[in-house]
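Peer 1: Need a 3D model of the sequence below.
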Amino acid sequence: MDSLIRLDRVTKRFHSGLSSEICPLNSISLDIIQGEKIILLGKSGSGKTTFLNLVGGVDVPTSGDIFFDGRKISSMSHRELAQYRRKEVGFIFQAFNVFSTLSVGENLMLPLEFLGISEEDRARDILASVGLKGQWHKFPEQLSGGEQQRLAIARALVKSPRVILADEPTGNLDLETGNSILELIHQICEDRNATLIMVTHSSEALWLADRIFRLRSGKLIEEHAKDEAYMCETSDSI
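Peer 2: Coordinates of the predicted model:
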């Protein structure tokens, strides 16, 4: 089966100060097929968020290539990258990143407006699918933390992206609420055949992965069975 996302010897370096250099990703290669759910583990600073930014077209590799559906992301123009991010990629963050001055409905309509789409029915359907039916006119501050994350998920999904990039999506939530968010993300990916790449420190999230990888010293370590990954994650957090 052809890969939807392919990383070919991708390296990312940052300069720190006049002479020092940081290399969070070093010659990483990976193929991800449509509908796969990938979890990335690793300590803080190991390059997990950098990985998401590169796949999401927010940043570009120092060397190597990234492909989406056969197109080379790393060679796209600024306009093409913007269109790729707007249409194909849905981002879910730990801090929710919803607009506090916009209502729930306005938050949902914004990504569609960027694409020149005015389909309020689509946005309302998405809102209902994440359990927020009837909240259209409320503002984010009137929602609980779990509801705000559901809104963030709805906003990521409203444009029907083929890729969902989630950066610690349960990091600001209590265990029970976090687990319900994980169930929601899993079900949505299954229903829409969306490809998920999720960064997490939580061992509670490992069950939803098709494959689990670890970033360490710039390298993508071999995939683990879920029980092995749990043990490694516990060990790394000590």
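Peer 1: show me where pLDDT drops low in the chain?
Peer 2: For the chain, the stretches with pLDDT under 70 are 1, 17-19, 223-238.
Peer 1: Tell me which stretches of it form helices.
Peer 2: Along the chain, counting by DSSP state H, helices occupy 48-55, 78-88, 104-114, 120-129, 145-157, 175-192, 226-236.
Peer 1: Please work out the angle formed by the directions of the fifth one and helix 120-129.
Peer 2: Angle, helix 145-157 to helix 120-129, by axes from the mean of the first three to the mean of the last three CA atoms, to 10 degrees: 140 degrees.
Peer 1: Spatially central residue in the chain, please.
Peer 2: The residue lying closest to the centre of the chain (CA atoms, centre = their mean) is residue 165, at 1.3 Å.
Peer 1: if we can go back for a sec, can I get the helices of the chain in CSV including mean neighbour count and distance to residue 213?
Peer 2: Every residue, glycine included, has its C-beta placed from N, CA and C. Output for the helices of the chain, formatted as CSV (neighbours: other CB atoms under 10 Å; distance: least, CB to CB, whole Å):
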stretch, mean neighbour count, distance to residue 213
helix 48-55, 22, 9
helix 78-88, 15, 22
helix 104-114, 18, 29
helix 120-129, 17, 29
helix 145-157, 23, 22
helix 175-192, 17, 17
helix 226-236, 14, 9
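Peer 1: looking at the ones you listed, which is closest to residue 11?
Peer 2: The closest of those to residue 11 is helix 48-55. By CB to CB, the value is 10.1 Å.
Peer 1: how close does the residue lying closest to residue 100 once chain neighbours are set aside sit to residue 155?
Peer 2: Distances taken as CB to CB, 6 or more residues apart in numbering place residue 140 nearest to residue 100, at 5.3 Å, with adjacent residues excluded. The gap separating residue 140 from residue 155 is 11 Å, by CB to CB, to the nearest Å.
Peer 1: quick one on the thing from earlier: isn't the residue nearest to residue 100 right next to residue 151, touching?
Peer 2: Yes: assessed by CB atoms under 8 Å, residue 140 is found in contact with residue 151 at 6.7 Å.
Peer 1: Common neighbours of these two, please.
Peer 2: Common contact partners of residue 140 and residue 151 (CB atoms under 8 Å, 6 or more residues apart in numbering): 96, 98, 104, 107.
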